[in-house]
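>>> Generate coordinates for the sequence data below:
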Amino acid sequence: MPVADSHTHLDMQSGSVEEALAKAAAAGVDTVVQVGCDLKGSRWAAETAAAFPQVHAAVALHPNEAPRIVLGDPDGWSRQGAREAGGDAALDDALAEIDRLAALPEVKAVGETGLDHFRTGPEGMAAQERSFRAHIEIAKRHGKALVIHDREAHDDVLRILAEEGAPERTVFHCYSGDADMARTCAEAGYFMSFAGNVTFKNAQPLRDALAVAPLDLVLVETDAPFLTPVPYRGRPNAPYLVPITVRAMARVRGIDEEAMSTAIAVNTARAFDY
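From the prediction side, this is the model:
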């Protein structure tokens, strides 16, 4: 049964793109959304989507990337290694490149963007929020979906979306809220994408959220190579493992795997307009 992986990072996985896509296709995963987190990754996402029809691209500066551009990254936490502070001008230049990439036809979304209160401290919040608001504007202007990274920042993410006016198609990647937040997202028409962590033993709040989310707003993702589902937790994740998460989601919803897969395939195509 065909299904789509709404959020993956093929550039962070071992092996070639061809190998990853073939392995995914053998498991019924016939479409993936390749997500950029910085300029290099976003360019790569667009190039890969242009080369492979089953790949669609999302481009953005990750919420933790924006503060690194502005304030520097002396410890080299990002894939670029150590960087000096570039200030607001450097962030403006980076956002201009994301804007250029977002206009490409193979780019279906702007993301992952949003807020991360876990890895970015108070000193980086201004840059993070400015970047988030800029990405919202870029997505709306180009008519692309918006892919949200929300880590320990639910209220602020929802507030900024309300203040700026969310794009018509907004996806909460690796949904991490509870059932009450799922109801709020549903009222706003936001898609909720569930990852392998919905299978974790301690993830009952996620399963409760999945249970109340409208089926036509539910997506699935790997966020590979991260968040590998049980029973393979601890190993690198990849798109071919999507069916394991789909099975778990179907059990939570009380429907069969075919109905779950079909809904996800239709929803993902609608969310990313392909």
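>>> And the strands in the stretch 101-250 of the chain, which stretches?
107-116, 145-151, 170-172, 191-194, 218-220 (DSSP state E, counting those that start in this stretch).
>>> which stretch among those strands comes nearest Ala94?
Ala94 lies closest to strand 107-116 among the strands of the stretch 101-250 of the chain, at 12.0 Å (C-beta to C-beta). Where C-beta positions appear, they are placed from N, C-alpha and C, glycine not excepted.
>>> Pick out the residue closest to the middle of this protein.
By C-alpha atoms, centre = their mean, the chain has its centre lying nearest to His173, at 4.0 Å.
>>> What residues does that residue make contact with?
6-7, 35, 111-112, 147-150, 193, 195, 221, 223 (C-beta atoms under 8 Å, 6 or more residues apart in numbering).
>>> and which of those is nearest to Asn64?
Sorting the contacts of His173 by how near they are to Asn64, with C-beta to C-beta, puts His149 at the top with 8.6 Å.
>>> how about low-confidence regions in the stretch 151-274 of the chain?
Within the stretch 151-274 of the chain, no stretch falls below the threshold (pLDDT under 70).
>>> And the helices in it?
154-164, 179-188, 204-212, 242-253, 257-272 (DSSP state H, counting those that start in this stretch).
>>> Please name every helix or strand in contact with the longest one.
Using 3 or more C-beta pairs under 8 Å, 6 or more residues apart in numbering; DSSP states H and E as the contact definition, the elements that helix 257-272 packs against are strand 3-8, strand 29-35, strand 218-220, helix 242-253.
>>> so who does the residue of the chain most remote from its centre touch?
Distance to the chain centre peaks in the chain at Glu84, reaching 27.5 Å (criterion: C-alpha atoms, centre = their mean). By C-beta under 8 Å, 6+ apart, the residues touching Glu84 are Gly72, Pro74.
>>> One more: the one 3 residues further on?
For Gly87, the contacting residues are Val70, taking C-beta under 8 Å, 6+ apart as the criterion.
>>> Do you know the pLDDT at it?
Reported pLDDT at Gly87 in the predicted model: 95.
>>> Equivalent analysis for Pro74, please.
84.
>>> State the distance from the closest residue to it other than its chain neighbours to Ser42.
Distance criterion C-beta to C-beta, 6 or more residues apart in numbering; nearest residue to Pro74, sequence neighbours excluded, is Ala82 at 5.6 Å. Distance of Ala82 to Ser42, given as C-beta to C-beta, to the nearest Å: 21 Å.
>>> Check Leu10 too.
Leu10 is 13 Å from Ser42, where distance means C-beta to C-beta.
>>> re earlier: with mean neighbour count added, can I get the strands of the stretch 101-250 of the chain in TSV?
Converted to TSV, the strands of the stretch 101-250 of the chain look like this (neighbours: other C-beta atoms under 10 Å):
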stretch	mean neighbour count
strand 107-116	27
strand 145-151	26
strand 170-172	25
strand 191-194	27
strand 218-220	26
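>>> out of those, which comes closest to Tyr232?
Per C-beta to C-beta, nearest to Tyr232 of these: strand 218-220, 15.6 Å.
>>> Next up, the contacts around Arg43.
Gly36, Leu101.
>>> gap between it and Gln13?
In terms of C-beta to C-beta, Arg43 sits 18 Å off from Gln13.
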